[in-house]
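Chemist: Next comes the sequence, and after it the predicted model I'd like to discuss.
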Amino acid sequence: MTTHHEIPSYLTPHEIGPWGDYITQIERVTPYLGSLSRWVETLKRPKRILVVDVPIERDDGTIAHFEGYRVQHNTSRGPGKGGVRFHQNVTLSEVMALSAWMTIKTAAANVPYGGAKGGIRVDPKTLSQGELQRMTRRYTSEIGIIIGPNKDIPAPDVNTNEQVMAWMMDTYSMNEGSTATGVVTGKPISLGGSLGRREATGRGVFVVGEGAANRIGLDIKGAKIAVQGFGNVGGVAAKLFYEAGAKIVAVQDHAGTVFHSNGLDVIKLQAHIKETGSVAGFAGAEEKMSRENFWDVQCDIMIPAALEQQITEHNAHRIRAKIILEGANGPTTPKADDILDDKGVLVVPDVIANAGGVTVSYFEWVQDFSSYFWTEDEINLRLTRIMSEAFEAVCHVAEDKKVSLRTAAFLIGCTRVLQAREMRGLYP
Ligand SMILES: NC(=O)C1=CN([C@@H]2O[C@H](COP(=O)(O)OP(=O)(O)OC[C@H]3O[C@@H](n4cnc5c(N)ncnc54)[C@H](O)[C@@H]3O)[C@@H](O)[C@H]2O)C=CC1
Ligand SMILES: O=C(O)CCC(=O)C(=O)O
């Protein structure tokens, strides 16, 4: 595990959080990196960290201040890339880890980017639409000194969406004096967004899920699935599995947990969420379930698609799934990884399972630069091909080296990043 001296001085030991998990993952892959391990230290240090104050005038005339971040972890293979999160618990450690996982993910999926991530420590549910817009615009101006279509390209993450991306694109463009659609991805279609981007991450989870099920001889039709987080990633993935004949037996979100042993009606559940903001109180659920009991659900596949550090040493032994598809970033701690490994659970790691979003973000960026837009079929076909090939490559390395899928994905990702780093060299 992470040793004290490796904690950067700007994180206190108790703040190490998800960054510590990432460092452990890097340490686990290091013995397999051969001569490239000379460069591995570069992955343990973000290239650039920007912390910004985001002041806004509230609707009642008072002034509120929020803490904002943009971390560029690595740009050896191309511009920084990664989402922006609005959440009351966002911390520097979290944004650092999320940016680092983007570095590994873009390299493992072989899209020509580095890794970056951003966030604001705020509960957006407490803001009016006007306040949300003012906060987004102020944040964009503040991080405008380091983002740009060829420097670092933000995208949606937890609690951000197409509207937020539209405001970011507009603010950056106003400050630059010309419309720069390529500065963010995940935009509305009418502003240079890509068909299929909204569903891309969930679709990618489904594609690797099919691949993983195939490997263990599990039929998706009739398979029981439990999903934590029913937003952009979990909601879309669940719908695709549901349409393929799987039974979505349990869903948990920030406010509730619902269960039905024969499968929930996903379409009705989505309508309920649209109306009420959460799965809580869904009439189509069989029985009330406590948050804790979600981990005991009898299922074949579990999809954590909410936040980091959800599957820990305290609940991993309770999980009955044969496959875990990490829709979220960093949902499984290293200690939980070991427990799941001992139990023979196939864990498809975040850096491959949720790479569908950044892959279609790449398509969006390419389309914006060429001002030529592809059909949804073209996008989904290319997404499916990239995701299946990336997943197969990870499985191949895992079998060859006798390592977990996570270490295999890290091995592929780190090798690509460190080869680029080595070829570029350091300024003499
Ligand atoms: N949006 C994207 O394209 C991508 C997102 N991800 C990751 O997927 C995860 C989810 O992101 P999105 O679906 O975009 O966010 P979202 O904001 O659309 O949905 C988040 C979901 O998680 C639930 N949630 C929040 N806190 C929770 C808690 N404590 N327990 C249970 N559920 C909770 C919310 O109720 C909501 O259903 C994050 O880890 C994100 O980094 C990964 C790749 C791409
Ligand atoms: O679409 C993107 O550029 C990044 C999405 C993201 O933040 C992620 O994959 O975690």
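Modeler: Arrived safely. Residues are numbered from 1 along each chain as shown. Ligands and ions are numbered 1, 2, ... in the order given.

Chemist: could you list every residue that touches the residue of the stretch 151-300 of the chain found nearest ligand 2?
Modeler: Nearest residue of the stretch 151-300 of the chain to ligand 2: Ala155, at 3.3 Å (CB to the nearest ligand atom). For the C-beta atoms, the positions are set from N, CA and C on the backbone; glycine is no exception. By CB atoms under 8 Å, 6 or more residues apart in numbering, the contact set of Ala155 is Lys81, Gly82, Gly83, Val84, Met165, Val184, Thr185, Gly186, Gly357, Val358, Ser361.

Chemist: Give the next helix or strand downstream of the element among helices and strands of the chain having the smallest mean pLDDT.
Modeler: Within the chain, no helix or strand scores below strand 287-288, which has a mean of 76 by mean pLDDT, DSSP states H and E. Downstream of strand 287-288, the next assigned helix or strand under DSSP states H and E is strand 301-304.

Chemist: That next one and ligand 1, any residue contact?
Modeler: No: judged by CB under 6 Å from any ligand atom, strand 301-304 makes no contact with ligand 1; its nearest approach is 8.3 Å.

Chemist: Parallel or antiparallel, list what pairs with that strand.
Modeler: Strand pairing for strand 301-304, determined by DSSP bridges: strand 224-228 (parallel), strand 323-325 (parallel).

Chemist: low-confidence ranges in the stretch 51-200 of the chain?
Modeler: Counting by pLDDT under 70, the stretch 51-200 of the chain contains no low-confidence range.

Chemist: For ligand 2, what's its nearest residue on it.
Modeler: Taking CB to the nearest ligand atom, ligand 2 has its nearest neighbour within the stretch 51-200 of the chain at Gly83, 2.7 Å off.

Chemist: and the spatially closest residue to Ala390 that is not a sequence neighbour, what is it in contact with?
Modeler: Spatial nearest neighbour of Ala390, excluding adjacent residues (CB to CB, 6 or more residues apart in numbering): Ala109 at 5.1 Å. Residues in contact with Ala109 (CB under 8 Å, 6+ apart) are Ile352, Ala355, Val358, Thr359, Ile386, Met387, Ala390.

Chemist: Report whether the expected contact of the last one with Ala355 is present.
Modeler: Yes: Ala390 is in contact with Ala355 according to CB atoms under 8 Å; the separation is 6.6 Å.

Chemist: anything in contact with each of the two?
Modeler: Residues touching both Ala390 and Ala355 (CB under 8 Å, 6+ apart): Ala108, Ala109.

Chemist: Of the two, which one has the most company?
Modeler: Ala355 (31 against 26; other CB atoms under 10 Å).

Chemist: who touches the more buried one in this structure?
Modeler: Lys105, Thr106, Ala108, Ala109, Gly204, Met387, Ala390.

Chemist: so how far is Phe282 from it?
Modeler: Remark: distance between Ala355 and Phe282 (CB to CB, to the nearest Å) = 31 Å.

Chemist: and the stretch 201-350 of the chain, which of its residues are near ligand 2?
Modeler: By CB under 6 Å from any ligand atom, the residues of the stretch 201-350 of the chain that approach ligand 2 are Asn329.

Chemist: Show me what residue of the stretch 201-350 of the chain gets nearest to ligand 1.
Modeler: Gly231 (1.9 Å).

Chemist: Look at that residue and report its pLDDT.
Modeler: Gly231 is assigned 96 on the pLDDT scale.

Chemist: Tell me if I'm right that it and Ala305 touch.
Modeler: Yes: using CB under 8 Å, Gly231 is in contact with Ala305, at 7.3 Å.

Chemist: Have a look at the two and say which one is more surrounded.
Modeler: The neighbour comparison of Gly231 against Ala305 (other CB under 10 Å) goes to Ala305, with 32 against 20.

Chemist: if I pick that one, what's in contact with it?
Modeler: Ala305 touches Val205, Val227, Gln228, Gly229, Phe230, Gly231, Val233, Gly234, Ala237, Gly327, Ala328, counting by CB under 8 Å, 6+ apart.

Chemist: mind running it again at 6 Å?
Modeler: For Ala305, the contacting residues are Gly229, Val233, Gly234, Gly327, Ala328, by CB atoms under 6 Å, 6 or more residues apart in numbering.

Chemist: Pipe those into a markdown table and attach neighbour count and secondary structure per row.
Modeler: As requested, those are exported to a markdown table (neighbours: other CB atoms under 10 Å; DSSP: H, G, I helix; E, B strand; the rest coil):
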| residue | neighbour count | secondary structure |
| --- | --- | --- |
| Gly229 | 24 | coil |
| Val233 | 31 | helix |
| Gly234 | 25 | helix |
| Gly327 | 34 | coil |
| Ala328 | 24 | coil |
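
Chemist: out of these, who's nearest Asp377?
Modeler: Within the contacts of Ala305, proximity to Asp377 (CB to CB) peaks at Val233, which comes in at 22.1 Å.

Chemist: Is the closest one in contact with Thr201, as I believe?
Modeler: Yes: Val233 sits in contact with Thr201 when judged by CB atoms under 6 Å, with a separation of 4.7 Å.

Chemist: Longest helix in this structure, by number of residues?
Modeler: Determined from DSSP state H, the single longest helix within the chain is helix 376-401.

Chemist: Glu199 - that's part of a helix, no?
Modeler: Yes: secondary structure assignment places Glu199 in a helix (DSSP: H, G, I helix; E, B strand; the rest coil).

Chemist: which SSE is the closest residue to Arg58 other than its chain neighbours in?
Modeler: Leaving out its chain neighbours, the residue that sits closest to Arg58 by CB to CB, 6+ apart is Ala64, at 5.4 Å. In this structure, Ala64 sits in strand 63-74 according to DSSP H and E.

Chemist: Give me the contacts around that strand.
Modeler: Strand 63-74 has contacts (CB under 6 Å, 6+ apart) with 46-58, 80, 95-96, 99-100, 103, 114-122, 139, 143, 152.

Chemist: Could you give me the buried positions within that strand?
Modeler: Ala64, Phe66, Gly68, Tyr69, Arg70, Val71, Gln72, His73, Asn74 (16 or more other CB atoms under 10 Å).

Chemist: try stretch 414-428
Modeler: So for stretch 414-428, counting by 16+ other CB under 10 Å, buried means Cys414, Thr415, Arg416, Val417, Leu418, Ala420, Arg421.
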